[in-house]
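A.B. asks: no FASTA, just this:
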């Protein structure tokens, strides 16, 4: 019984003296840089760029697409549509 009372204070002292590991802040990686949770970046996948935000998903960082184009990108060309000519004055047939 005396041994139990001897080991409790020693165990408590060791537990308090043990260094606690420092945890790094969660971050996303893109384009060779680190981004904190909440920051946005322009990501390019398969030749297409889009704006994404670094977010936490199930205790892991993940990129979430928030916009189809990046700020400063030139607008994507739309396919040319075939339109009918505007009507002019009626003609006599």
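C.D. replies: Here it is on my side, so go on. Everything numeric in this text was worked out from a predicted model, so none of it was measured.

A.B. asks: point out where this protein drops to low pLDDT.
C.D. replies: Across the chain, residues meeting the criterion (pLDDT under 70) sit at 1-23, 73-88, 90-91, 93.

A.B. asks: can you tell me the closest non-neighbouring residue to residue 52?
C.D. replies: residue 63 (4.2 Å; CB to CB, 6 or more residues apart in numbering). To be clear about C-beta, it is placed using only N, CA and C from the backbone, and glycine gets the same treatment.

A.B. asks: contacting residues for the one you found?
C.D. replies: Residue 63 makes contacts with 28, 30, 41, 43, 52, 53, 54, 55, as judged by CB atoms under 8 Å, 6 or more residues apart in numbering.

A.B. asks: looking at the residues you listed, which is nearest residue 68?
C.D. replies: When these are ranked by distance to residue 68 (CB to CB), residue 52 comes first, at 10.8 Å.

A.B. asks: what's the local residue count around that closest one?
C.D. replies: 22 (other CB atoms under 10 Å).

A.B. asks: next one: residue 48 from residue 65, what distance?
C.D. replies: 11 Å (CB to CB, to the nearest Å).

A.B. asks: the residue nearest to residue 52: helix or strand, and which one exactly?
C.D. replies: If you go by DSSP states H and E, residue 63 is part of strand 60-67.

A.B. asks: partners of that strand in the sheet?
C.D. replies: strand 48-57 (antiparallel) (DSSP bridges).

A.B. asks: show residues contacting the partner strand.
C.D. replies: With CB under 8 Å, 6+ apart as the criterion, strand 48-57 contacts 26-28, 30, 35-43, 61-71, 73.

A.B. asks: ok, stretch 33-41 next?
C.D. replies: By CB under 8 Å, 6+ apart, stretch 33-41 touches 25-31, 51-56, 61, 63, 66.

A.B. asks: go with 6 Å
C.D. replies: Outside stretch 33-41, the residues that touch it by CB atoms under 6 Å, 6 or more residues apart in numbering are 26, 27, 28, 30, 51, 53, 54, 56.
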